[in-house]
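**Student:** I'd like to go over a predicted model; first the sequence, then the structure.
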Amino acid sequence: MGRGLWRLFSASGLLLGTLFFAAALTPTLLPRNFVTQGVLSGLSLAAGYGIGVFGHWLWTYMELPQSKDRLLRIAKLAAAIGCTVVAVVFLWRSAQWQNSIRELMQLEPVDSAYPLEVGLIALAVFAILMALACLFRLTFRFVAIRVNRLLPRRISNVIGAVVAVALFWSVISGVLFRVSLPVVDLSFQAYDELVEPETKQPTDPLKTGSSASLLAWKELGRRGRQFISLGPTREDIGAFTGRPALEPVRVYVGLRSADTPEIRAKLALEELKRVGGFERSVLIVVTPTGTGWVDPAALDSVEYLHDGSVASVALQYSYLAGWLSLLVEPGYGAHAARALFKEIYGYWTTLPKDSRPRLYLHGLSLGAMNSEQSTDLIEVLGDPFDGALWSGPPYSSGLWRTLTDRRNPESPAWLPRFRDGSFVRFMNQQGEYPYRSSEPNAGWGPMRVVYLQYASDPVTFYDYRSLYREPDWMRSPRGPDVSPELRWYPVVTLLQLTLDMPMATSRRSATAMSSPRRTTSTHGSR
């Protein structure tokens, strides 16, 4: 058995797999615990091994010179010893690399057992993947040998490969889409319907969800009830500012409030009119995240800054996590955001310009992308809304991508400058990237758009092209929260970023849409 495995294993696969394994231990954007790092390392080892095996097969297929058996045995032994040494050395350094990120993010360092735990999990993942690869190979050969009785060998091989791929895909898709997703959907739905004790139904008739409201309290969803009931009150704002304050207006339409986004958007408009939202000085159209969550740090701060003279309206389009929402219902969030904006903006434009509220858009993460898609900037040129704050936009956000790609050449991809800054500005926890003295920052124009993003956010800076090239945001100078130990490696960096994405934690954004000049700013930007 041992001799058979020794004869079957590929030296080229082991060499490339070990290089991938070592590279996967280096840091990317987010810290990883030993489980996620072990899974990533095992995947990288398997990917490298598979590419190495394919390379050897291609070499043989092209009938290039082959090593003799004796030299091959020596090469395998040398490869095994060398790869073991490299793996141990890089595992030993893995704790230091992880701590380089943890220190930037003010997290506790990993424990001393981290390298051993990572190594064991990586080996287990690699073994599982190799077993699946062997099963695939057996399936392929089983079909090909039987088809070869009737058809030529190469045609049989093609048929065997197609059948094996179809069989494995049907099993995977069956488990994922027919079993797992319905279970996940039911669990998220039950979570969305959960009524928590601290979210009590309001008694004030001017509150959404009250007995006088057009929207039933139980149909707002868990995140909607939180948004309505947990914001600052007039008393909270007055006690903090020392000035008279108004009760902030918050409207939220849950997914179960009506069957279609268009009907829910009309309900949102009517409810907003009922509670006097258009009589406030600031009106914010909010697009929630996939779960329906609205970032309290963004909305609370605006309400404090404007003494409660703020109305905000949000429409739920999903109760799933963002990545699941994109997988199950791509485009639905943008459709819902578009329906809400159309209703609110359409009514807002009918109001006298000197007495209507200043209109802003806001979204976080998936909400930022959907909010961005809710309006075509060309269609509002005649009567523009006042601004937008889009926090942590996903890498697939169209306008964000265009502005980033067309940034001023001297500014980095993780914090671009676009022309003179009169229309759009990019900011992070330290504000915006400084302009050179020869390029002074212009004043704001009639519409002010701010992107708040962090250089360490993989949702924003994921790039499938990192499979084969170094992303622009990795180049010097780097963001303040990116490890100096981060390096680009073909294939491996893409695997690292792919695993970082579902681990990404929500970044709180502090938002201000402030003062008589109608500027939009973020914390640290002034």
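**Tutor:** Yes, it's here.
**Student:** P152: how many residues sit nearby?
**Tutor:** P152: 10 surrounding residues under other C-beta atoms under 10 Å. All C-beta spots, glycine's among them, are computed from the backbone N, C-alpha and C.
**Student:** Low-confidence regions, the chain specifically.
**Tutor:** The chain contains residues with pLDDT under 70 at 1-9, 67-70, 72, 175-179, 181-183, 185, 323, 326-328, 435-441, 505-526.
**Student:** biggest helix in it, by residue count?
**Tutor:** Longest helix of the chain, by residue count under DSSP state H: helix 69-104.
**Student:** Against which helices or strands is that helix packed?
**Tutor:** In this structure, helix 69-104 makes packing contacts with helix 11-24, helix 114-147, judged by 3 or more C-beta pairs under 8 Å, 6 or more residues apart in numbering; DSSP states H and E.
**Student:** Let me have those helices in JSON lines, extended by mean neighbour count.
**Tutor:** Putting the helices and strands packed on helix 69-104 into JSON lines (neighbours: other C-beta atoms under 10 Å) gives the following:
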{"stretch": "helix 11-24", "mean neighbour count": "23"}
{"stretch": "helix 114-147", "mean neighbour count": "16"}
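**Student:** Same list (the ones you listed) but as CSV, adding distance to A190.
**Tutor:** CSV is the format used below for the helices and strands packed on helix 69-104 (distance: least, C-beta to C-beta, whole Å):
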stretch, distance to A190
helix 11-24, 36
helix 114-147, 31
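**Student:** that older thread, could you figure out how far the longest helix of the chain is turned away from helix 114-147?
**Tutor:** 130 degrees (axes from the mean of the first three to the mean of the last three C-alpha atoms, to 10 degrees).
**Student:** Distance of W400 relative to W390?
**Tutor:** Per C-beta to C-beta, to the nearest Å, W400 is found 7 Å from W390.
**Student:** In terms of neighbours, single out the busier of these two.
**Tutor:** Using other C-beta under 10 Å, the more surrounded residue of W400 and W390 is W390, with 27 against 23.
**Student:** So what sits opposite the more buried one in the bridge?
**Tutor:** Taking DSSP bridges as the rule, W390 bridges to G363, Y451.
**Student:** quick one, what contacts the residue positioned nearest the centre of the chain?
**Tutor:** Centroid-nearest residue in the chain, with C-alpha atoms, centre = their mean: V459, separated by 3.0 Å. Taking C-beta atoms under 8 Å, 6 or more residues apart in numbering as the contact definition, V459 lies against G322, S365, G392, P394, Y395, M501, A504.
**Student:** Next, give phi and psi for V251.
**Tutor:** The phi/psi pair for V251 (degrees, to the nearest 10) reads phi -120, psi 130.
**Student:** Need the three-state assignment for the nearest residue to T349 once chain neighbours are set aside.
**Tutor:** Spatial nearest neighbour of T349, chain neighbours left out: D383 (5.1 Å); criterion: C-beta to C-beta, 6 or more residues apart in numbering. What DSSP: H, G, I helix; E, B strand; the rest coil gives for D383 is coil.
**Student:** For burial, what's the neighbour tally of D383?
**Tutor:** 12.
**Student:** Repeat that for L255.
**Tutor:** 22.
**Student:** what residues are up against the residue lying closest to it once chain neighbours are set aside?
**Tutor:** In this structure, L255 finds its nearest non-sequential neighbour in Q316, 4.6 Å apart by C-beta to C-beta, 6+ apart. Contact analysis of Q316 by C-beta under 8 Å, 6+ apart lists L220, G221, R223, G224, Y252, V253, G254, L255, R264, P288, G292, A336.
**Student:** residue ranges of the strands in the stretch 201-350 of the chain, please?
**Tutor:** 249-253, 282-287, 310-315 (DSSP state E, counting those that start in this stretch).
**Student:** give me the element the residue nearest to the centre of the chain is part of.
**Tutor:** V459 belongs to helix 458-461 when assigned by DSSP states H and E.
**Student:** starting at the chain centroid, how far to the helix or strand that that helix is followed by?
**Tutor:** Next in sequence after helix 458-461, counting helices and strands by DSSP H and E, comes helix 492-503. Helix 492-503 has its C-alpha centroid displaced from the chain centroid by 11 Å (C-alpha atoms, centre = their mean, to the nearest Å).
**Student:** next one: stretch 59-78
**Tutor:** With C-alpha atoms, centre = their mean, you get 44 Å for stretch 59-78.
**Student:** Span of it from start to end?
**Tutor:** Stretch 59-78 has an end-to-end distance of 21 Å (C-alpha to C-alpha, to the nearest Å).
**Student:** hmm, back to that, sitting in helices, which of the contacts of Q316 do you find?
**Tutor:** G221, R223, G224, R264, A336.
**Student:** Let's see if you can find the most crowded of the residues you listed.
**Tutor:** Neighbour tally across the ones in helices among the contacts of Q316 (other C-beta under 10 Å): the maximum, 31 neighbours, falls on G224.
**Student:** ok, that residue - contacts?
**Tutor:** G209, Y252, V253, G254, G292, A314, Q316.
**Student:** I figured the fourth one hits W217, correct?
**Tutor:** Looking back up the chat, that one is G254. No: counting by C-beta atoms under 8 Å, G254 stays clear of W217, with 9.4 Å between them.
**Student:** Distance from stretch 488-500 to the middle of the chain?
**Tutor:** Distance, centroid of stretch 488-500 to centroid of chain: 15 Å (C-alpha atoms, centre = their mean).
**Student:** which outside residues touch that stretch?
**Tutor:** 20, 23-24, 26, 28-30, 32, 36, 39-40, 43-44, 47-48, 51, 458, 461-464, 466-468, 470-471, 474.
**Student:** ok, of those, which come out buried?
**Tutor:** Buried by 16 or more other C-beta atoms under 10 Å: 20, 23-24, 26, 28-30, 32, 36, 39-40, 43-44, 47-48, 51, 458, 461-463, 466, 471, 474, out of the contacts of stretch 488-500.
**Student:** and T260, which of the helices and strands packed on helix 69-104 is closest to it?
**Tutor:** Among those, helix 114-147 comes nearest to T260, with 42.9 Å by C-beta to C-beta.
**Student:** just checking, what packs against that closest one?
**Tutor:** If contacts are counted by 3+ C-beta pairs under 8 Å, 6+ apart, helix 114-147 sits against helix 34-61, helix 69-104, helix 153-173.
**Student:** Pick the most deeply packed of the ones you listed.
**Tutor:** Across these, averaging neighbours per residue (mean count of other C-beta atoms under 10 Å) puts helix 34-61 on top, at a mean of 19.
**Student:** what's it packed up against?
**Tutor:** Short answer (3+ C-beta pairs under 8 Å, 6+ apart): helix 34-61 packs on helix 11-24, helix 114-147, helix 492-503.
**Student:** To L415, which of those helices lies closest?
**Tutor:** Closest to L415 of the helices and strands packed on helix 34-61, according to C-beta to C-beta: helix 492-503, at 18.5 Å.
**Student:** Hey, what's the angle from that closest one to helix 34-61? Just curious.
**Tutor:** Using the same axes, to 10 degrees: helix 492-503 against helix 34-61 is 150 degrees.
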